[in-house]
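Undergrad: Please find the sequence and the predicted model below.
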Amino acid sequence: MLLQTVFLAFFGLAAIWFAVVVFRTSSMVRSALALLFSQAAIGTMFLAMQTEFLGVLQIMMMATEMAIMAIFMVMYMMDPGGLSGMDMTHQKRVSIAAGVLGTAVAVGTALLVDWGPIAGVPRPGAQVHDLGIELMERSMLIFETAGVTILTAMVATTAIAIGPRGPRGGVDD
C-alpha cells in the first residue's frame with residue numbers, strides 16, 4: 001500500500017509538472033510532447049491503482065493522439081519549433097484565475113471528502129471485467145464506427161492535401 005501511494009504521488013506530480021510545461025513552452029511540438037508525457041503519467045497512475053485496462057487504454061490512446069497532433073503541427077504550423085519566440089498563451093489573468101480556482105476546488109475536495117470504503121462496490125478485478133464486457137458488447141459497434149470514421153477522415157485529408165496534381169500543385173515531370 002505504501003509503494004502504491006509513492007507511485008501515485010510520483011506520477012501525479014509528474015503529470016502536473018508536464019501539464020505546466022505544456023503552457024510554458026513556446027514550441028507547439030514540445031507542448032504536444034509534454035501533454036503526451038502528462039497523459040502517460042496519468043495512465044501510469046491508473047496502472048498503479050491496479051486498473052490495468054484503463055491505464056493501458058489511456059497510454060495507447062494518448063500516444064496515438066499526440067503523435068498525430070505533432071505530425072499535423074509540423075506540417076501546417078508556421079513555426080512548430082517555436083524559434084520565432086511566439087507567445088502561445090492568451091488571456092493570462094483569466095487562465096491564472098481558473099487554475100487557482102481549479103486547484104482550490106481539487107485540494108478542497110481531496111481534503112473534505114470521506115474517502116472510506118463504499119458499500120456494495122465490487123473488487124477492482126470485477127470492475128475491470130465489467131467495464132470490458134460493457135465496452136465489448138453493447139459499445140463495440142460505436143468503437144468500430146469511430147475507428148472507421150477516423151481512418152476515412154485521415155485518408156480524405158491526405159487526398160485533399162495532395163490534390164489531383166501532387167503535393168505542390170504542379171504537373172509531375
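TA: Arrived safely. These numbers were taken from a predicted model, which means no experiment stands behind them.
Undergrad: give me the number of residues near the residue lying closest to residue 128 once chain neighbours are set aside?
TA: Excluding the flanking residues, the one nearest residue 128 by Cβ to Cβ, 6 or more residues apart in numbering is residue 53, at 4.9 Å. For the C-beta atoms, the positions are set from N, CA and C on the backbone; glycine is no exception. When neighbours are defined as other Cβ atoms under 10 Å, residue 53 has 15 of them.
Undergrad: which residues touch residue 53?
TA: Residues in contact with residue 53 (Cβ atoms under 8 Å, 6 or more residues apart in numbering) are 128, 131-132.
Undergrad: By neighbour count, which of these wins?
TA: Taking other Cβ under 10 Å as the neighbour criterion, residue 128 ranks highest of the contacts of residue 53 with 16 neighbours.
Undergrad: Helix or strand: which one has that residue?
TA: Secondary structure from DSSP states H and E places residue 128 in helix 124-136.
Undergrad: Next, the angle helix 124-136 makes with the next helix or strand after that helix.
TA: Scanning forward in sequence from helix 124-136 by DSSP H and E, the next helix or strand is helix 140-162. If you take axes from the mean of the first three to the mean of the last three Cα atoms, to 10 degrees, helix 140-162 sits at 60 degrees to helix 124-136.
Undergrad: Only C-alpha atoms, please: export the helix or strand hosting residue 11 in CSV.
TA: Using DSSP H and E, residue 11 maps to helix 2-24. What follows is helix 2-24, C-alpha atoms only, in CSV (Å, rounded to 0.1, in the frame of the first residue of the first chain):
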residue,chain,number,x,y,z
LEU,A,2,2.9,2.4,0.8
LEU,A,3,4.6,1.6,-2.5
GLN,A,4,1.3,2.3,-4.4
THR,A,5,1.0,5.6,-2.6
VAL,A,6,4.6,6.5,-3.5
PHE,A,7,3.9,5.7,-7.2
LEU,A,8,0.7,7.7,-7.2
ALA,A,9,2.4,10.7,-5.7
PHE,A,10,5.4,10.5,-8.1
PHE,A,11,3.3,10.1,-11.2
GLY,A,12,0.7,12.6,-10.0
LEU,A,13,3.5,15.2,-9.6
ALA,A,14,4.9,14.2,-13.0
ALA,A,15,1.5,14.7,-14.6
ILE,A,16,1.2,18.1,-13.0
TRP,A,17,4.7,19.1,-14.0
PHE,A,18,4.3,18.2,-17.6
ALA,A,19,0.9,19.9,-17.7
VAL,A,20,2.6,23.1,-16.6
VAL,A,21,5.3,22.6,-19.2
VAL,A,22,2.6,22.4,-21.9
PHE,A,23,1.8,26.1,-21.2
ARG,A,24,5.3,27.3,-20.5
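Undergrad: If anything else comes up later, I'll come back, but that's it for now.
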